[in-house]
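# sequence first, predicted model second:
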Amino acid sequence: MEQVKTFAHRTPVVITGTVVQFIGADCYTFRDPSGEITLRIGPREWAAFGGTVSPSCAVEIGGELHRDTSDPAREPEVRARSIRKL
């Protein structure tokens, strides 16, 4: 995860790990062995996935890394485009 955080804005990514915590709205904490990142999963992505996940479920997330270009100090996040249970 630490390597993903160094990528440029809107870089396509595929990450594998677990969704460990609901933060609020459409934000979740996502974890892999190297660290954590905020993950945004919208209603369309959940509907396309058609299932549920728990912190014990390994998933693969396809999406984009997003940075707040007006606040470079803010942590980047991944915006999910696809979810696949492993």
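Good, I have the coordinates. Residues are numbered from 1 along each chain as shown.
# what sits closest to the residue most central in space within the chain if chain neighbours are left out?
The centroid of the chain falls nearest to residue 39 when counting by CA atoms, centre = their mean (3.0 Å). Distances taken as CB to CB, 6 or more residues apart in numbering put residue 30 closest to residue 39, at 3.9 Å, once the chain neighbours are dropped. Yep, even glycine has a C-beta here, placed from its N, CA and C like the rest.
# from residue 46, how far out is the residue sitting furthest away from the middle of the chain?
Distance from the C-alpha centroid of the chain peaks at residue 70, with 20.7 Å (CA atoms, centre = their mean). Using CB to CB, to the nearest Å, residue 70 is found at 28 Å from residue 46.
# by contact count, what packs against the strand or helix carrying residue 44?
For residue 44, the host element (DSSP states H and E) is helix 43-49. For helix 43-49, the packing partners by 3 or more CB pairs under 8 Å, 6 or more residues apart in numbering; DSSP states H and E come out as strand 77-85.
# in the strand it packs on, what's buried?
77, 78, 79, 80, 81, 83 (16 or more other CB atoms under 10 Å).
# again, but for stretch 8-23
Buried, per 16+ other CB under 10 Å, within stretch 8-23: 13, 15, 17, 18, 19.
# run through who's touching that stretch.
Stretch 8-23 is contacted from outside by 1, 4, 7, 28-33, 36-39, 41, 53, 55-67, 69, 76, 78, 86, using CB atoms under 8 Å, 6 or more residues apart in numbering.
# 6 Å - rerun?
Contacts to stretch 8-23, defined as CB atoms under 6 Å, 6 or more residues apart in numbering, come from residues 4, 28-32, 53, 55, 60-62, 64-65, 67.
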